[in-house]
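A.B. asks: pasted the sequence and its predicted model underneath.
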Amino acid sequence: MDKMLMRSLMFVPAHSEKLMTSATKLSADVLLLDIEDSVQPLKNKQIARDMVLKYLEEGKFKGKHIFPRINDRESGQLLKDVTQLSVKGVDGFMYPKAKTGKDIYFFDKLLETIEYEKGIETGTFKIIPLIETASAVMNVQEICSVSKRVIAVAYGSEDFITDLEGIHDNEHLSLFTPRALIAMGARAQNVIPIDTVHVRVKDLVDLEENLKLSVKLGFEGMLVLNPIELELVHQYYSPTLDQVKHSQTILELDEEAKKDGKGVAIIKGKFIGPPFVAKAKKILKKHKLVLNKK
């Protein structure tokens, strides 16, 4: 699978026909059709599975990346979730409450068995683990590397703070260290890091401050709860026009330097070495993904 655009991953309670219908019209890069936390009581989970299958069969999510958030291995619901929802139109699954790589290895093998039984190519369904426990933060590199299906990891801050027995302060200082560790751990394993939800969904000023820091920390996207957040989220996780032009200039100067037999190029008095060239290529690749989405 080519690298997927993951600026916004939006949760959609899959048992709600109103919200599912609304989701078909949203610009979110990935739809996380939720079978887990937002689907209560227990009887609603089968309603949610049936709703996902119905919308897929009717082609309502055509052209969209679909990752149902399933229930964890201790819930008693996981096998039903994966057996029923491992169908065409589903890119993969968001796996909640992973603590170590063993959880993801188990889930990988479960998917492999289901793919074999259904005659689906091994590795078809990808995994996005949710990092929402202290154990998961400390084991993030193992979680990212134990399965080739893992294409991204996402930070679940509220469950993490509860597990930590900490406090989510107004300045979000208690989230800084785990955010940094998750972003670094993911990048170390060539996995996309996805930042946590913004819980004050109507406070767009606070959202923008979070996004500024998120980009600095290396995150490539964010979990989203409300459609009003999408415009800002896409803005901050997309290359700016200036970044695109600067990147194109860097690559042009680098090519010229190579033709002239020089080791490095110079732009505005600054040396342009390999790290600058690598970053420019990444920016232009991301820009191309954004253009293809439009």
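C.D. replies: Received it, and whenever you're ready, just let me know what you need. Residues are numbered from 1 along each chain as shown.

A.B. asks: which residue, other than its chain neighbours, is closest to S238?
C.D. replies: The shortest distance from S238 to any non-neighbouring residue, by Cβ to Cβ, 6 or more residues apart in numbering, is to V290 (5.0 Å). Where you see a C-beta, it was placed from the backbone N, CA and C, and this is true even at glycine.

A.B. asks: can you give me the neighbour number for that neighbour?
C.D. replies: Neighbour count of V290, defined by other Cβ atoms under 10 Å: 16.

A.B. asks: quickly find the element holding it.
C.D. replies: helix 274-293 (DSSP states H and E).

A.B. asks: what is the least confident helix or strand in this protein?
C.D. replies: In the chain, no helix or strand scores lower on mean pLDDT, DSSP states H and E than strand 265-267, which sits at a mean of 71.

A.B. asks: what's downstream of that one, the next helix or strand?
C.D. replies: Assigned by DSSP H and E, the successor of strand 265-267 is strand 270-272.

A.B. asks: how far does stretch 7-18 sit from the chain's center?
C.D. replies: 14 Å (Cα atoms, centre = their mean, to the nearest Å).

A.B. asks: could you tell me the end-to-end distance of that stretch?
C.D. replies: Length of stretch 7-18, first residue to last, Cα to Cα, to the nearest Å: 24 Å.

A.B. asks: for the record, mean pLDDT for it?
C.D. replies: Stretch 7-18 shows a mean pLDDT of 96.

A.B. asks: list the buried residues for it?
C.D. replies: R7, S8, L9, M10, F11, V12, P13, A14, H15, S16 (16 or more other Cβ atoms under 10 Å).

A.B. asks: dump the host helix or strand of T177 to PDB, restricted to CA.
C.D. replies: For T177, the enclosing helix or strand under DSSP H and E is helix 176-188. Output of helix 176-188 as PDB, limited to C-alpha atoms (Å, rounded to 0.1, in the frame of the first residue of the first chain):
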ATOM      1  CA  PHE A 176       3.700  16.700  26.300                       C
ATOM      2  CA  THR A 177       6.100  13.900  27.200                       C
ATOM      3  CA  PRO A 178       4.000  11.000  25.900                       C
ATOM      4  CA  ARG A 179       3.200  13.000  22.700                       C
ATOM      5  CA  ALA A 180       7.000  13.500  22.100                       C
ATOM      6  CA  LEU A 181       7.700   9.800  22.900                       C
ATOM      7  CA  ILE A 182       5.000   8.500  20.600                       C
ATOM      8  CA  ALA A 183       6.000  10.700  17.700                       C
ATOM      9  CA  MET A 184       9.700   9.700  18.100                       C
ATOM     10  CA  GLY A 185       8.900   6.000  18.500                       C
ATOM     11  CA  ALA A 186       6.700   6.000  15.500                       C
ATOM     12  CA  ARG A 187       9.200   7.800  13.300                       C
ATOM     13  CA  ALA A 188      12.000   5.600  14.400                       C
END
